[in-house]
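In: Provided below for reference: sequence and predicted model.
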Amino acid sequence: MSDRKFALAVAATGTALLAMTIGAPTASAGVSQLSVLPGLSFGLSTDYGTGCTHQLLARLSVGIDPVSFYDNGSLLAVVTPTDGIATFEWVPSSTGAHSLAAIQNGVGRGIDVSVGRGYRFGESCVITGG
């Protein structure tokens, strides 16, 4: 094979690989699951309380795009995920019903929780009401 033919073959192969990479469809990014972890909080009616720290955990189908967390429609934070998971430390400021959501590229999941009044004791939190 002449040098010219070899160079053309290499260029054609490189162009084809570039086209496949750029033109390849990307997977649909989105939140596949949203959980609220109560941590060291507990109560009779609910495990979520005002002033207590709870972790919102979003499992993602694609772990590189930012995730937006919402509480009753208000933006809480935009988080960059790590290893397909995005987390946010949520401290409710009001009692009652809370609709939480995590959204990535327009695809999200939601969860409803009831929040009572929290009383901190060191790292733990005791919840009344809810």
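Out: Alright, I've got the coordinates. Numbers count the residues shown, from 1 in each chain.

In: all contacts plus neighbour counts: C-alpha atoms, from now on.
Out: Fine.

In: in this protein, what spans have low per-residue confidence?
Out: 1-28 (pLDDT under 70).

In: where do the helices sit along it?
Out: 3-23 (DSSP state H).

In: Mind jotting down where the strands sit in it?
Out: 31-37, 41-43, 54-60, 67-71, 74-79, 85-90, 96-104, 107-115, 117-121, 124-128 (DSSP state E).

In: Which strands or helices does the shortest one pack on?
Out: Put plainly, it is strand 41-43. If contacts are counted by 3 or more CA pairs under 8 Å, 6 or more residues apart in numbering; DSSP states H and E, strand 41-43 sits against strand 124-128.

In: Ok, the fourth one next?
Out: Where contact means 3+ CA pairs under 8 Å, 6+ apart, strand 67-71 is packed against strand 74-79, strand 96-104.

In: Could you do the fifth one as well?
Out: Secondary-structure packing of strand 74-79 (3+ CA pairs under 8 Å, 6+ apart): strand 67-71, strand 85-90.

In: JSON lines for these, including mean neighbour count and distance to Gln104?
Out: JSON lines is the format used below for the helices and strands packed on strand 74-79 (neighbours: other CA atoms under 10 Å; distance: least, CA to CA, whole Å):
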{"stretch": "strand 67-71", "mean neighbour count": "22", "distance to Gln104": "5"}
{"stretch": "strand 85-90", "mean neighbour count": "20", "distance to Gln104": "10"}
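
In: looking at these, which is closest to Ser99?
Out: With respect to Ser99, and counting by CA to CA, the nearest of the helices and strands packed on strand 74-79 is strand 67-71 at 5.8 Å.

In: Parallel or antiparallel, which strands does that closest one pair with?
Out: Paired with strand 67-71 in the same sheet, following DSSP bridges, are strand 74-79 (antiparallel), strand 96-104 (antiparallel).
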